[in-house]
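Student: pasting the sequence and the predicted model now:
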Amino acid sequence: MDDHIKKLGVAIADFLFLALLTVAAPLIVYVDAVWIGHGVPECSATEITQETLLFFSALLFWIEAWRRPQDRAFFILAGGFLACMFLREVDFLFDPIHHAFWIIPVAVTAVVCAVPALTHRQAALQSAADFMNRRSCIYISIGLLIAIVFSRVFGSGHLLWNHLLGEAYKSQYKAVIQEGLELFGYLFIFYGACLVPRER
């Protein structure tokens with residue numbers, strides 16, 4: 001009985017924490033779009049929060065790679081994937097060097113992080129299969145779908161908002177919708193990454 005109550009308590013706590021994360025996304029966008037009033041430029045609370053979440057999500061996977069030698073190859077690869085997303089988000093830092101220069105650090109990160117998985121393919125596949133059955137994977141998958149797919153489709157001005165708003169449509173609408181949804185997705189990814197150490 002006590003075990004069931006404990007599990008129920010954990011589930012309720014997780015739900016409440018996710019509710020806070022859900023509210024956080026529109027509040028941060030509100031700070032940029034309304035309170036500060038500059039929309040959602042590259043140097044904004046929304047963008048900085050996105051980049052911070054991705055950075056620490058990748059870091060959490062790499063910390064687990066150090067702690068769990070048997071799963072190291074997979075966790076390095078997973079952290080590398082999130083690190084590549086982070087580097088893509090901070091592409092403006094590389095633009096002074098050359099337009100689209102972000103491709104170079106992303107490619108280097110991808111290759112370096114893929115080497116352990118290619119070297120230890122069997123262990124990496126086994127760890128990946130095990131990870132797919134974890135709660136953390138569910139949250140990360142949902143976050144990726146929101147950030148990479150849903151934000152692009154739903155936030156597209158050409159597909160939806162131009163037709164609905166007509167001449168009232170402004171490019172800031174697309175930025176606010178897309179960046180807000182991306183932030184929402186990254187919050188789920190970060191939450192999933194935070195669960196990984198608990199699933200040891």
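Tutor: Sure thing, it's come through.
Student: out of the helices and strands in this structure, which is least certain?
Tutor: Every helix and strand in the chain was compared by mean pLDDT, DSSP states H and E; the lowest is helix 162-165, with a mean of 74.
Student: show the subsequent helix or strand relative to it.
Tutor: For helix 162-165, the following helix or strand on the C-terminal side (DSSP states H and E) is helix 171-195.
Student: pull out the buried positions in that following helix.
Tutor: Neighbour-count burial for helix 171-195, counted by 16 or more other CB atoms under 10 Å, picks out 173-193, 195. For glycine as for every other residue, the C-beta is placed from the backbone atoms N, C-alpha and C.
Student: and the contacts of stretch 70-81?
Tutor: Stretch 70-81 has contacts (CB atoms under 8 Å, 6 or more residues apart in numbering) with 58-62, 64-66, 68, 109-110, 112-114, 116-117, 119-120, 123-124, 127-128, 130-131.
Student: the same query, at a cut-off of 7 Å, please.
Tutor: With CB atoms under 7 Å, 6 or more residues apart in numbering as the test, stretch 70-81 has contacts from 58, 61-62, 64-65, 68, 109-110, 113-114, 116-117, 120, 123-124, 127-128, 131.
Student: average pLDDT for it?
Tutor: Computed over stretch 70-81, the mean pLDDT rounds to 97.
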